[in-house]
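Q: Build me a model from this:
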Amino acid sequence: MLPSNHPRTISLLISIIFLLAARSASAAQPSDKDMESLSRLTGRELLSKGTEYFKTDSLAYRAIACFSIVSNRYLENPEDTSVRRTATEALRHLGNIYMTHEIDYRKAYRNLTLARQIAEEDGNDFQLAYIFTSLANLYNFNANGNDKIDKEAKVLLESASEAAIRSGNSEIVSTIIINLAITNESTKNWGDYAPVIKSLKRYSTNASSSLDRIALLVIEAMECKFNGDNARAEKLLTKAKSLTDDNIYSERILNSLDIMLIELYTETHQESKAIDLIRPMIDNAVENGLKDYEMCMYGKLTNIYDALGQQDSVEKYYSKYLVLKSEIEQRNGMHHVAEMDFISQIDKINSEVAELSLTRQKERRQHLVVICILIVITILLLSLLWVYANLKRNHRNLYIRNEEMNRREETHRLMREQLQNEIEQLRTSINSQTAESPKNENPETEEQLHEDYARIVSWMEKSRDIYNPGFSLAKLASAMSLPSQAVSKAINVCHGMNFHQFLNEYRIREVTLLMHDRNSDNLTVESLSESVGFKSRTTFASLFKKTTGLTPTEYWKMAKQDKPGNQEF
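A: Sure, this is the predicted structure:
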């Protein structure tokens, strides 16, 4: 006789709720040609094909091939956004297949954990609801009375419900409710799941699909059962069965509701009704090769006939249960699962996944550093280009301003020469008409200073002596037949600078004029500075920059560009 709460039986029943019943895996694996054909499909096309294979008998290997191609693309390029989206779903399906078809819980846990990691990184609550539910089933499979694993399964179901509500995944909400109902069939209340059921019930009330209505009926039926109103509970579960429509979930929903009714009938000593439900379920399992499910039903019949005291039937169905159990263990290696230290395996897989996560985080940080460096370099280059453009524009403006000053200076020079000629003519006329007046004893009147300054400027404009290295104030005074003091004062008062500044102004202007001469192309800055009387290039460069705002080289470059045929601007 099987105990009514046999952990393996309960685990397999829970798997029927959420996952498609395990199919036989007798079909051959896909050929190389098939794999080549599948590899050309997109991620979405592979998911679609894999799902169809998963729903078809004997095609689990093909489903694994489709989902593995998608997940491998992610492992090869984890930063590809489109690949990440499809990989989450593919890894979840792989976890479910390994949990129900291949019975390789380590692979199931690894795939589901990778799917969870990607979904959490992407904030994909819709997929997380499915993944948490699958992980909860996987923990239930391996609980076997282990309180730690059982507690973790409850936490995962709670996380699944929260993710489902956040994402609006009403389909999985209904699945979670049915899952919780079967988990709590032998209890007197919702227990630790009460807050979860309360949230799910509130959410389902606002939805309108048939799955939501079924879920609400299941909650109400369970609460009636907890309160001892078994007749009402039976009516509600029967009504829920009538709401199942023709979709891919209808078969498992009907199976789930039948399982609840079977438990209800067994507890209320309506064994005949329970047996009437179990027999067609066994026929369906035999027809579809669902040996795990068939084994569970034999276990239930064993318990029912044991309660009725019909020993012959107990031995008959218990014998069938043991035969199927042995066959499944030999085929799928389930006897090894019972010996497996699931917690240590979880720790090991978690370490592997954590290492993969750290590697990906390191790669992301490296990519981020490279991107930041490129951004900084780009900003620096743009800044340098902006500075260069502004500097070039400023230099051009200074050059144009100096050229304009030279033109104005030339105009003023011509005007001064004309004015000087007029003054000379006027003075000659006055002298011829009037007697010679006494000489002015104060030669430094303002009028005299301006007259002297006009003569100095006129001479400076015409003379080439001022470009000789030894030209001095004394030589200028000698040329003017004036005392050096009078020449210095005239320049200071009328021009606002001393003799050396006055002289250098003429010399700098002469250099700028020479720079425009095409014959100066073969000259150097040193030869130009020497040709106007500068002995030191440093002194010349400093004075030139101070006067024009540009270095001699910058100014000369612009002057060359302004020569006929070389205009740049």
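Q: CA atoms for contacts and neighbours, from now on please.
A: Will do.
Q: mind listing the strands for the stretch 151-300 of the chain?
A: In the stretch 151-300 of the chain, no strands are defined using DSSP state E, counting those that start in this stretch.
Q: which stretches of it have low pLDDT?
A: Scanning the stretch 151-300 of the chain for pLDDT under 70 picks out the ranges 207-208, 245-250.
Q: Any figure for the gap between the residue nearest to Pro469 when sequence neighbours are not counted and Leu543?
A: With sequence-adjacent residues excluded and distances taken as CA to CA, 6 or more residues apart in numbering, Pro469 is closest to Gly533, at 4.0 Å. Plainly put, Gly533 is 13 Å away from Leu543 if you go by CA to CA, to the nearest Å.
Q: One more: Ser520?
A: To Leu543, Ser520 is 21 Å away according to CA to CA.
Q: Give me the more crowded residue out of these two.
A: Leu543 (18 against 15; other CA atoms under 10 Å).
Q: Roughly how far does that one sit from Thr551?
A: 9 Å.
Q: Next: Thr302.
A: 106 Å.
Q: Please say which of these two ends up with more neighbours.
A: Taking other CA under 10 Å, Thr302 and Thr551 do not tie; Thr302 has more neighbours (27 against 17).
Q: now the helix or strand where that one lies: how far from the chain's centre is it?
A: Taking DSSP states H and E as the definition, Thr302 sits inside helix 291-308. Relative to its parent chain, helix 291-308 has a centroid offset of 54 Å by CA atoms, centre = their mean, to the nearest Å.
Q: Repeat that for stretch 161-168.
A: The answer for stretch 161-168 is 24 Å, by CA atoms, centre = their mean.
Q: which residues touch it?
A: Identification of contacts with stretch 161-168 by CA atoms under 8 Å, 6 or more residues apart in numbering yields 125-126, 128-129, 170, 172-173, 176, 196, 200, 203.
Q: Going by neighbour count, which of those residues comes out on top?
A: Ala129 (30 neighbours).
Q: returning to what we had before: just checking, what packs against the helix holding Thr302?
A: Secondary-structure packing of helix 291-308 (3 or more CA pairs under 8 Å, 6 or more residues apart in numbering; DSSP states H and E): helix 7-18, helix 271-287, helix 311-332.
Q: circling back: in a markdown table, list the contacts of stretch 161-168 along with distance to Ser458.
A: Below are these laid out as a markdown table (distance: CA to CA, whole Å):
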| residue | distance to Ser458 |
| --- | --- |
| Asp125 | 92 |
| Phe126 | 94 |
| Leu128 | 96 |
| Ala129 | 98 |
| Ser170 | 101 |
| Ile172 | 103 |
| Val173 | 104 |
| Ile176 | 107 |
| Val196 | 106 |
| Leu200 | 105 |
| Tyr203 | 102 |
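Q: Report the secondary structure element holding the closest residue to Arg84 other than its chain neighbours.
A: Nearest residue to Arg84 in three dimensions, chain neighbours excluded: Tyr74, at 6.0 Å (CA to CA, 6+ apart). Here Tyr74 is covered by helix 60-76, with elements defined by DSSP H and E.
Q: now the helix or strand just after that helix and helix 291-308, what's the angle there?
A: Moving toward the C-terminus from helix 60-76, the next helix or strand (DSSP H and E) is helix 81-100. Angle, helix 81-100 to helix 291-308, by axes from the mean of the first three to the mean of the last three CA atoms, to 10 degrees: 40 degrees.
Q: List the buried residues in the helix holding Thr302.
A: 291-306 (16 or more other CA atoms under 10 Å).
Q: ok, residues contacting stretch 537-547?
A: By CA under 8 Å, 6+ apart, stretch 537-547 touches 504-505, 508, 525-526, 529, 534, 550-552.
Q: any weak-confidence spans in this protein?
A: 1-32, 55-59, 102-103, 143-145, 207-208, 245-250, 328-361, 363-364, 407-444, 563-569.
Q: how far out from the middle of the chain is the strand or helix carrying Asn137?
A: Assigned by DSSP H and E, Asn137 belongs to helix 125-143. Helix 125-143 sits 28 Å away from the centroid of its parent chain (CA atoms, centre = their mean).
Q: burial measure for Cys66, as a count.
A: When counting by other CA under 10 Å, one arrives at 27 neighbours for Cys66.
Q: what residues are up against it?
A: So Cys66 contacts 38, 46-47, 49-50 (CA under 8 Å, 6+ apart).
Q: Could you list which of those belong to helices?
A: 38, 46-47, 49-50 (DSSP state H).
Q: between these, which has the most around it?
A: Gly50 (25 neighbours).
Q: and the gap between it and Val70?
A: Using CA to CA, one gets 10 Å for the distance from Gly50 to Val70.
Q: can you check Leu503 too?
A: 85 Å.
Q: Among these two, which residue is more densely surrounded?
A: Val70 (26 against 17).
Q: I figured that one was touching Thr86, is that so?
A: Yes: using CA atoms under 8 Å, Val70 is in contact with Thr86, at 6.9 Å.
Q: Could you name every residue contacting both of the two?
A: Residues touching both Val70 and Thr86 (CA under 8 Å, 6+ apart) are 43, 47.
Q: What about Ile229? Give its phi and psi, please.
A: No, residue 229 isn't Ile; it's Asp. phi -90, psi 70 (degrees, to the nearest 10).
Q: Please read the previous query as pertaining to Val532.
A: Torsion angles, degrees, to the nearest 10, at Val532: phi -110, psi 10.
Q: Tell me which residues touch it, please.
A: 466-469, 507, 510-511.
Q: Now list the buried members of the residues you listed.
A: Counted by 16+ other CA under 10 Å, those give 466-467, 507, 510-511 as buried.
Q: And those residues, which is closest to Asn390?
A: Val511 (25.9 Å; CA to CA).
Q: Once you drop chain neighbours, what's closest to the closest one?
A: Leu528 (6.5 Å).
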